[in-house]
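**Q** Give me the fold of what follows.
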Amino acid sequence: MAAAEQGNTVRVHYSGFLNDGTIFDSSLERDPLELTIGEKMVIPGFEAAVLGMEIGGTKTVAIPPAEAYGERDEQMVAVIERSRVPDNIDPQPGAVLQITSPEGGDAQVVVTEVNDETITLDGNHPLAGKELIFELKLVEIL
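**A** Predicted coordinates for the structure are as follows:
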């Protein structure tokens, strides 16, 4: 049976869990994820786990932060004056906002704290600093 190799386009069903068992994503209720191994379309640890899998094969892998979304970076957390937020935006904890960085690029941040004077914004990926556990099934090699 053929095994997934570098450069192959594959379809994979997956479920992603945190260490406490919380599911953060799953393809089981939709079409399998299609990716080309080596094109960095997914986190490095996920891609590495698919390498060598055979069609119909399953595996469970634990991916450390360095091979997922990296460690949390406290320099990506900013406290800004509430007056800097346009009046038409009502920031609430958990809201995702698009901002323009000082370098001119667009970035998404999550509002983590709001008070009368300031708003705390976190630019880290929500899964940064977390070990991710994936249950994988290689559905097809195209």
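**Q** Show me how far stretch 53-66 is from its chain's centre.
**A** Offset of stretch 53-66 from its chain centre (CA atoms, centre = their mean, to the nearest Å): 16 Å.
**Q** Average pLDDT for that stretch, rounded please.
**A** Stretch 53-66 shows an average pLDDT of 98 in the prediction.
**Q** In it, which residues are buried?
**A** The neighbour-count check on stretch 53-66 (16 or more other CB atoms under 10 Å) flags Met53, Val61, Ile63, Pro65 as buried. C-beta: built from backbone N, CA, C; applies to glycine.
**Q** Just after the lowest-mean-pLDDT helix or strand in the chain, pick out the following helix or strand.
**A** Lowest on mean pLDDT, DSSP states H and E among the helices and strands of the chain sits strand 96-100, with a mean of 88. Downstream of strand 96-100, the next assigned helix or strand under DSSP states H and E is strand 106-114.
**Q** which residues touch that next one?
**A** 77-78, 82, 91-101, 119-123, 126 (CB atoms under 8 Å, 6 or more residues apart in numbering).
**Q** got it, and stretch 19-38?
**A** By CB under 8 Å, 6+ apart, stretch 19-38 touches 4-18, 41-42, 47, 50-51, 127, 130-133, 139-140, 142.
**Q** what does stretch 83-103 give?
**A** Asp106, Ala107, Gln108, Val109, Val110, Val111, Thr112, Glu113, Val114, Ile119, Leu121.
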